[in-house]
Structure formats: C-alpha cells, structure tokens
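Chemist: predicted model and sequence follow; I will ask about them next.
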Amino acid sequence: SIWAALPVWKQALHRFNNTLLGRLVIGPAMGQVAFMACDWRAIRDGDTAVLKGWLWHIPAVLLVIWWMASVMTLPVWAYLVSAYV
C-alpha cells in the first residue's frame, strides 16, 4: 500500500496532521506544499492555464507585499503569520 511505503517520519507527520492540533499547526503548510507540487507537475506537463495563473499571481503578491510594507502599519511578518493561522 502507499501508506506502508511511506517513511516512518512521513507516517508520523500525517498522523499528527490528522489531529486538530496538527491541522492548525502543520495543516496549512502541508496543504500548500501539496498544492504547489500539483501545480508544478501540471506546468511541467504543459498545462498553460496553470502557468498563466502563476504568472498573474506572482506579480500580484509582490504588489500586495509592497503595499503592506509601504502603506500599512502592520509588519509583513505579522501579516504572514496571521494569514497562516
């Protein structure tokens, strides 16, 4: 099975992620890694729609970070922590 083939540390990580605390602490990171890996595979396989989405997303994120750093009083690190949580 896929589960049995996973290294012990990955099994432990997934077991922890299946708890409420795990979903709050590592769930967002695990979800983001899985999402980006899937998108990377799609781009590598020639999905231009996914690539186009990332080409729009990256400059938009940079614009938001610039705006937060220059206009808002909230530090960028605090915004990133609150977005993660």
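Modeler: Done, it's in. From a predicted model like this one, the values you see are computed outputs, not experimental measurements. Numbers count the residues shown, from 1 in each chain.

Chemist: which strand or helix spans residue 31?
Modeler: helix 27-44 (DSSP states H and E).

Chemist: again, but for residue 74
Modeler: Here residue 74 is assigned to no helix or strand, by DSSP H and E.

Chemist: now it: phi and psi?
Modeler: phi -80, psi 130 (degrees, to the nearest 10).

Chemist: give me the pLDDT for it.
Modeler: pLDDT for residue 74: 80.

Chemist: now do residue 71
Modeler: 86.

Chemist: any residues touching the helix holding residue 31, and which ones?
Modeler: 13, 17, 50-51, 54, 84 (CB atoms under 8 Å, 6 or more residues apart in numbering). No exception for glycine: its C-beta is placed from N, CA and C like everyone else's.

Chemist: mind redoing it with 10 Å?
Modeler: Residues outside helix 27-44 that contact it (CB atoms under 10 Å, 6 or more residues apart in numbering) are 13-14, 16-23, 26, 47-54, 57, 83-85.

Chemist: now a ChimeraX select for only the buried ones of those residues.
Modeler: Of the contacts of helix 27-44, the buried ones can be selected in ChimeraX as follows, counting by 16 or more other CB atoms under 10 Å:
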select :17,26,50
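
Chemist: measure the spatially most central residue of the chain to residue 55 for me?
Modeler: Nearest residue to the geometric centre of the chain (CA atoms, centre = their mean): residue 32, 2.3 Å. Distance, residue 32 to residue 55, by CB to CB, to the nearest Å: 19 Å.

Chemist: ditto for residue 4
Modeler: 40 Å.

Chemist: ditto for residue 80
Modeler: In terms of CB to CB, residue 80 sits 22 Å off from residue 55.

Chemist: neighbour count winner among residue 4 and residue 55?
Modeler: Neighbour count, other CB atoms under 10 Å: between residue 4 and residue 55, residue 55 has more, with 11 against 6.
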